[in-house]
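*Asks:* Here you go, sequence then predicted model.
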Amino acid sequence: MQTTIFTFTVLLLAFIGYYMGRSRAVATVSGDVRKLHSLPRHYGYFVALWCGVPALVLCVLWMLFEPYIVNTLVLSGVPNIDPDASSAVIARILSDVKFLAANGVGRGADDPVMVAAAEHYTHLKTVGTASLAVAIIAFSILGLVIGSRRVGADLKARNQVEGLIRWVLLASSVIAILTTIGIVGSLLFEAIRFFGKVPFTDFLFGLEWSPQIALRKDQVASQGSFGAVPIFAGTMLISFIALCVAVPVGLLSAIYMSEYATPKVRAIGKPMLEILAGIPTVVYGFFAALVVAPTIRGFGEAWGLDVSSESALAAGLVMGIMIIPFVSSLSDDVIRAVPQALRDGSYALGGTKSETVTQVILPAALPGIVGGVMLAASRAIGETMIVVMAAGLTANLTANPLQAVTTATVQMVTLLVGDQEFDSPKTLAAFALGLVLFCVTLCLNVVALRVVAKYREKYD
Amino acid sequence: MTELKESMQKAQARLKKRHAAETRFKAFGIGALVFAFLCVVMLFSSIISNGYTGFRQSYMKIDITFDESVIDPQGKRDFDTLNRADYGKIVKQSLYDFFPDVKKRGDKRTLSNLVSSNAAYTLRDMVVADPSLIGTSQSVWVMASDEVDMLIKNVFKREDDESTRPITNKEIAWVEKYESENRIETRFNTNFFTAGDSREPEQAGIRGALMGSALTMLITLALSFPCGVMAAIYLEEFAPKNKFTHIVEVNINNLAAVPSIVFGLLGLAIFLNIFGMPRSAPVAGGFVLALMTLPTIIIASRAALKSIPPSIMEAAIGVGASKMQAVFHHQLPLALPGILTGTIIGMAQALGETAPLLMIGMVAFIADVPGWINDPATVLPVQVYLWADSPERAFVEKTSAAIMVLLGFLITMNALAVLLRKKLERRW
């Protein structure tokens, strides 16, 4: 609410600045705008930016750091906090203080320390907001004055304004890099904390995964309960089943569409595959749990097989359906990139269409197809909702597709949902798994994109 | 001569084989396409056949006596008294009166469960709106419980063995008495669109999830559209060809392939734990999804900008525009249809995304409809996930119905994108 008012004030001042700058520029040349270096409105923008940008930057910085500063100050006023208290305990104290400050009642209303902290909090908030308001208005007006004093016929207003816009454009494209740094940083930071509690080799090579045990108070994080091998094995099993479905179906439909199909069939087939690609994964998950898993179970029972109701087969099958469009659209691209001359050569020697496809086009397109399959594999490994809804929760080291296995993404969800305690190895384990997942998918992608790019170069 | 004949025959046989192989190969291709088609059909038919009943809800007509001694024994008639009175008791009394021969305590409790607990709120709203009802007797349509609803919709089948369905023969007999007097009907389920989440299937609605999705999308669009377009303009028009630009480009391509759940971890570690954004709130969800859709928008916008012929730029610069003016006044408006198409597709992806939102706590049970971006909320796909996890049979149709709404939005958005591409995109 307050920030909205501040923003509006600054925008209003910037608006005034625009008109001031423009009229001042016109006035300096007494109406003859040809004598100005830039168009009059550029002078307007120039003053408006001087007025608005510093104030808004201040406002954003305040919003980012204010909670942290206020929290630290309030906590320093609460004397009897255990210095080793976990972040969750501190967070609870803070939320109690804030609730108390806002409502006057609540937990700790009879504790003088808490009441004092709440008063301190309210005081800090008021002082902070008031000083921010003063600072913002001072900054805007100062900017307004500096900006409009610099306006003159010789000021290269357009170049300056455009220079700033260029920086803003550059900043937007840097967001992508910041995101990557944020991902790598947060994953690494939390994973290193995890590996401080559980040895790296135990995590990577241990055969037993039972993170729930480590939560019990009376038990030290027992060694071997964070062995991630069963999880990696489960992830691979389900992804493998998915690829077994998606690669043949996707590849064959891509070949059919690009080599055989009439334009009419293509006009229906393409959108149909796009529909498969556009369905949210949670819908696939529901489909897997509601339809596919019971069907497979029924079949298995008819054959006298013992099928788990959360079998890897059901999850893998549905995941395969989900990645059909990835495989087919990527294969379609690479098949189309094979030069027509190769096809014509094969036909001229009397090859049939299928012979041309299997003996000329596919070998020529192979690197591209391999790249596409790798991209599909990385998609399958990182897929979450289907496995969360249709695969098992307990780690199970098996290669039997009829049994329930778990995957890295399922474990990340079960470890983190509904758990705010951030210091236990249990929640940190999710970040370690995330780090492994990120590294594996990144490697697959980098290699796959390289392979595809190399292949493209060959025929360009 | 015979030699020639022989080799001709051999060639003929070989040709036959080769043609058979050709037909087989073609059949495989058709088979693959048909398999994909069947998957689409099965998916949609299973969702629709389970979900279309979710848009209807059974109501029961019960005779209510608005007993003054229960509602307002002191005759005050003020809002507080009327609002807090025990309407559940009145509902129960109505059912007991309808079946005077039900005497056992357990039976009575089962009987009172025929109507939804929502019935009491219906009565409350009636009385608060019109206190003169007190003391009168009325026939009121109230919501049936989820089990009765399932029976009416024939999901629980009467001819099945009693032990295989959650509703007993006794209850069915009671329901049939209401049916025989035409006191049961199914209506369009407006509650599904006006209510928030609930533990009771018959009272659960998607209003809260829709609102949460709308707020989250608002944040996502407000962040990712300007940032994405500006980044694309920079990379396509202004960036020098150097190592830094190359790193940014590779980075964007890799970000597009990072599993969505990893973005959830990023949101949890950075937005919630460092920046202190509220848990379960659309603002945090919007930030995470914005980072996720950013690569899609950048890639689409770059493609759109690239497709504009350089002559436009050259002409603008030729008549004295600066590069910035040429881009913003000429390139960008011409590329806008393509950019918007990419943005809509990116938004559709974000609307269907679930996994990263689970990580930042948008998976909690929230009955209230969120009012603004800081309120705890959930989104449509997460609501689907939550309901899919609920054990009650009636939630299956709710889940499917919510999926139908979600798919409806996605199909509309994608159709809009296709339409935009067809109508506005220029071929040069």
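*Replies:* Okay, I see it.

*Asks:* Would you mind measuring from the closest residue to chain A within the stretch 301-428 of chain B to A:G285?
*Replies:* Residue nearest to chain A within the stretch 301-428 of chain B (Cβ to the nearest Cβ): B:G352, separated by 3.0 Å. Glycine gets a C-beta too; all of them are placed from N, C-alpha and C. To A:G285, B:G352 is 12 Å away according to Cβ to Cβ, to the nearest Å.

*Asks:* Pretty sure the residue of the stretch 301-428 of chain B closest to chain A sits against B:L406.
*Replies:* Yes: B:G352 is within contact range of B:L406, at 6.9 Å (criterion: Cβ atoms under 8 Å).

*Asks:* Identify the contacts common to these two.
*Replies:* The contact sets of B:G352 and B:L406 overlap at A:280, A:283, B:381 (Cβ atoms under 8 Å, 6 or more residues apart in numbering or on different chains).

*Asks:* Contact partners for the residue of the stretch 301-428 of chain B closest to chain A?
*Replies:* Taking Cβ under 8 Å, 6+ apart as the test, what B:G352 contacts is A:278-283, B:381, B:406, B:410.

*Asks:* same thing but at 10 Å, please
*Replies:* Going by Cβ atoms under 10 Å, 6 or more residues apart in numbering or on different chains, B:G352 touches A:278-283, A:385, B:213, B:379-381, B:384, B:406-407, B:409-410, B:413.

*Asks:* swap in A:L243?
*Replies:* A:250, A:316, A:319-320, A:323, A:327, A:373, A:376-377, A:379-380.

*Asks:* Keep only those of the contacts of B:G352 that are in strands.
*Replies:* Nothing among the contacts of B:G352 maps onto strands, per DSSP state E.

*Asks:* picking that back up, quickly list what's touching both of B:G352 and A:G285.
*Replies:* Going by Cβ under 10 Å, 6+ apart, residues that sit against B:G352 and also against A:G285 are A:385, B:381, B:384.

*Asks:* quick one: which of those is most hemmed in?
*Replies:* A:M385 (31 neighbours; other Cβ atoms under 10 Å in any protein chain shown).

*Asks:* For it, give its distance to chain B.
*Replies:* Counting by Cβ to the nearest Cβ, to the nearest Å, the gap from A:M385 to chain B is 5 Å.

*Asks:* Relative to the longest strand along chain B, what are the paired strands and their orientations?
*Replies:* If you go by DSSP E, chain B has its longest strand at strand B:56-65. In the sheet containing strand B:56-65, its partner strands are strand B:137-143 (antiparallel), strand B:184-188 (antiparallel), by DSSP bridges.

*Asks:* Give me the contact list for the longest one.
*Replies:* To tie it back to what came earlier, the one meant is strand B:137-143. B:57-67, B:90-91, B:94, B:114-123, B:126, B:133, B:149, B:183-185, B:187, B:189, B:191, B:200, B:202-203.

*Asks:* Let me know whether A:A429 touches A:M412 as I believe.
*Replies:* Yes: judged on Cβ atoms under 10 Å, A:A429 makes contact with A:M412 at a distance of 8.7 Å.

*Asks:* which residues of the stretch 251-400 of chain B score low on pLDDT?
*Replies:* Within the stretch 251-400 of chain B, no range satisfies pLDDT under 70.

*Asks:* in it, which spans are helices?
*Replies:* For the stretch 251-400 of chain B, the helices defined by DSSP state H, counting those that start in this stretch cover B:260-266, B:282-306, B:310-318, B:323-326, B:332-352, B:355-359, B:380-388, B:394-424.

*Asks:* between the ones you listed, which one is nearest to A:V47?
*Replies:* Proximity to A:V47 (Cβ to Cβ) singles out helix B:323-326 among the helices of the stretch 251-400 of chain B, at 18.4 Å.

*Asks:* Against which helices or strands is the strand or helix carrying A:E274 packed?
*Replies:* Using DSSP states H and E, the element containing A:E274 is helix A:263-278. Contacts defined by 3 or more Cβ pairs under 10 Å, 6 or more residues apart in numbering or on different chains; DSSP states H and E place helix A:263-278 against helix A:229-255, helix A:312-337, helix B:2-51, helix B:332-352, helix B:394-424.

*Asks:* Helix A:263-278 and the last one, what's the angle between them?
*Replies:* Interaxial angle of helix B:394-424 relative to helix A:263-278 (axes from the mean of the first three to the mean of the last three Cα atoms, to 10 degrees): 130 degrees.

*Asks:* Quick check: buried residues in helix B:394-424?
*Replies:* Neighbour counts over helix B:394-424 (16 or more other Cβ atoms under 10 Å in any protein chain shown) mark B:394-407, B:409-410, B:413-414, B:417, B:420-421 as buried.

*Asks:* Relative to chain B, how far out is A:P363?
*Replies:* Distance, A:P363 to chain B, by Cβ to the nearest Cβ: 16 Å.

*Asks:* Can you tell me how far that residue is from A:V357?
*Replies:* Going from A:P363 to A:V357 by Cβ to Cβ gives 10 Å.

*Asks:* Which neighbours do the two have in common?
*Replies:* Common neighbours of A:P363 and A:V357 (Cβ under 10 Å, 6+ apart) are A:V338.

*Asks:* which one is the closest residue to chain A within the stretch 201-350 of chain B nearest to, not counting chain neighbours?
*Replies:* Proximity of the stretch 201-350 of chain B to chain A (Cβ to the nearest Cβ) peaks at B:P259, 2.5 Å away. Spatial nearest neighbour of B:P259, chain neighbours left out: A:G382 (2.5 Å); criterion: Cβ to Cβ, 6 or more residues apart in numbering or on different chains.

*Asks:* residue contacts, that neighbour?
*Replies:* A:235, A:239, A:407-409, A:437-438, A:440-441, A:444, B:257-262, B:355.

*Asks:* Read off the pLDDT value for it.
*Replies:* As predicted, A:G382 sits at a pLDDT of 90.

*Asks:* Which neighbours do A:A429 and A:M412 have in common?
*Replies:* Joint contacts of A:A429 and A:M412 (Cβ under 10 Å, 6+ apart) are A:I231.

*Asks:* and B:R427, what element?
*Replies:* Using DSSP H and E, no helix or strand contains B:R427.

*Asks:* Low-confidence ranges, the stretch 51-200 of chain A, go.
*Replies:* Ranges of the stretch 51-200 of chain A meeting pLDDT under 70: A:77-88, A:108-109.

*Asks:* Turn the shared contacts of B:G352 and A:G285 into a markdown table, including distance to B:G286.
*Replies:* As requested, those are arranged in a markdown table below (distance: Cβ to Cβ, whole Å):
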| residue | distance to B:G286 |
| --- | --- |
| A:M385 | 19 |
| B:P381 | 15 |
| B:V384 | 19 |
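
*Asks:* tell me which residues in the helix or strand where A:A117 lies are buried?
*Replies:* For A:A117, the element it lies in under DSSP H and E is helix A:112-150. For helix A:112-150, the neighbour count (16+ other Cβ under 10 Å) marks A:114-115, A:117-118, A:120-121, A:124-125, A:132, A:136, A:139-140, A:143-144, A:147-148, A:150 as buried.

*Asks:* Chain A contacts on the stretch 101-250 of chain B?
*Replies:* By Cβ under 10 Å from any Cβ of the partner chain, the residues of the stretch 101-250 of chain B that approach chain A are B:223-224, B:226-235, B:237-239, B:244-245, B:247-250.

*Asks:* In helices, which of those fall?
*Replies:* Counting by DSSP state H, the part of these found in helices is B:223-224, B:226-233, B:244-245, B:247-250.

*Asks:* Leaving out the residues flanking it, which one is nearest to A:G128?
*Replies:* Leaving out its chain neighbours, A:G128 is closest to A:E66 (Cβ to Cβ, 6+ apart), at 6.3 Å.

*Asks:* That neighbour is in contact with A:L58, isn't it?
*Replies:* No: contact criterion Cβ under 10 Å: A:E66 and A:L58 do not qualify, at 11.3 Å.
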